[in-house]
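Peer 1: Next one to model:
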Amino acid sequence: MKLRVNNSEIELVQGDITESDTDAIVNAANSQLVLGAGVAGAIRTKGGPAIQEECNAIGHCPVGGAVITSGGNLKARHVIHAVGPRQGEGNEEEKLKNATLSSLKVAEENNLKSITFPAISTGVYGFPLDACARIMLTTVKEYLSGPTKIERVVFALIDDQSFKAFKDQLKKL
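Peer 2: A predicted model of the protein is given here:
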């Protein structure tokens with residue numbers, strides 16, 4: 001499923017983000033940039049140790065922020081590590097919006113044309129899936145409505161429930 005926004009497009013796919021062939025994939029990171037479980041674990045496993053080594057050199061990223069590393073052995077040349085909010089920590093919606101925007105800005109700063117996002121913070125961080133879809137898709141659409149060199153934003157959603165939540169939200173846009 002796709003949505004055209006100016007000269008860019010938003011695309012939803014169901015599948016493994018580590019198989020994405022965009023310039024960068026987004027890791028749903030923690031502030032310490034330790035590649036643990038979930039999306040980060042899959043990136044660590046397929047991307048190899050170089051990504052964690054680069055994260056260790058960076059050291060920290062605040063909630064709502066994003067940093068970039070190489071993609072190691074992944075198809076994507078880069079990984080953008082975006083730190084989303086934990087449900088219950090306060091101001092979660094704004095923090096998720098900022099993590100999404102920070103990722104797009106990092107991609108732009110590095111002259112990347114395409115980026116793939118997961119459903120940030122919906123795993124162990126407990127953020128509601130429907131709210132995540134609304135915030136991330138709205139933020140991306142607004143960003144692509146302005147001047148940008150980003151041509152393609154993909155959301156790689158691992159399961160039926162995530163894909164449906166994002167598909168339902170994209171229809172509303």
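Peer 1: now the helices for this structure?
Peer 2: In the chain, the helices defined using DSSP state H lie at 38-47, 49-58, 92-109, 129-145, 160-172.
Peer 1: Quick one: those as CSV, columns for mean neighbour count and distance to Glu151 too.
Peer 2: Glycine gets a C-beta too; all of them are placed from N, C-alpha and C. Shown next, in CSV, are these (neighbours: other Cβ atoms under 10 Å; distance: least, Cβ to Cβ, whole Å):
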stretch, mean neighbour count, distance to Glu151
helix 38-47, 20, 23
helix 49-58, 15, 24
helix 92-109, 20, 11
helix 129-145, 19, 9
helix 160-172, 16, 18
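Peer 1: wait, which of these is closest to Val13?
Peer 2: helix 160-172 (8.1 Å; Cβ to Cβ).
Peer 1: excluding its backbone neighbours, what's nearest the spatially most central residue of the chain?
Peer 2: Central residue of the chain (Cα atoms, centre = their mean): Phe117, 3.0 Å from the mean position. Computed as Cβ to Cβ, 6 or more residues apart in numbering, the closest residue to Phe117 that is not its neighbour in sequence is Val26, at 4.7 Å.
Peer 1: now Arg44
Peer 2: Leu35 is the one closest to Arg44 (Cβ to Cβ, 6+ apart), at 3.8 Å.
Peer 1: thinking again about what came up before, may I have the beta-bridge partners of the residue nearest to the centre of the chain?
Peer 2: The partner list for Phe117 in beta bridges (DSSP bridges) reads Phe155.
Peer 1: how about Phe166, what does it touch?
Peer 2: For Phe166, the contact set (Cβ atoms under 8 Å, 6 or more residues apart in numbering) comprises Leu12, Ala119, Ala133, Leu137, Phe155, Leu157.
Peer 1: Could you dump those into a markdown table and include pLDDT?
Peer 2: A markdown table is the format used below for those (pLDDT from 0 to 100):
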| residue | pLDDT |
| --- | --- |
| Leu12 | 98 |
| Ala119 | 97 |
| Ala133 | 98 |
| Leu137 | 98 |
| Phe155 | 98 |
| Leu157 | 97 |
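Peer 1: closest to Ile43 among the residues you listed?
Peer 2: Minimum distance to Ile43 across those is 14.8 Å, recorded for Ala119 (Cβ to Cβ).
Peer 1: hang on, the earlier thing: hang on, the residue nearest to Phe117 packs against His78?
Peer 2: No - taking contacts as Cβ atoms under 8 Å, Val26 lies outside contact range of His78: 9.7 Å.
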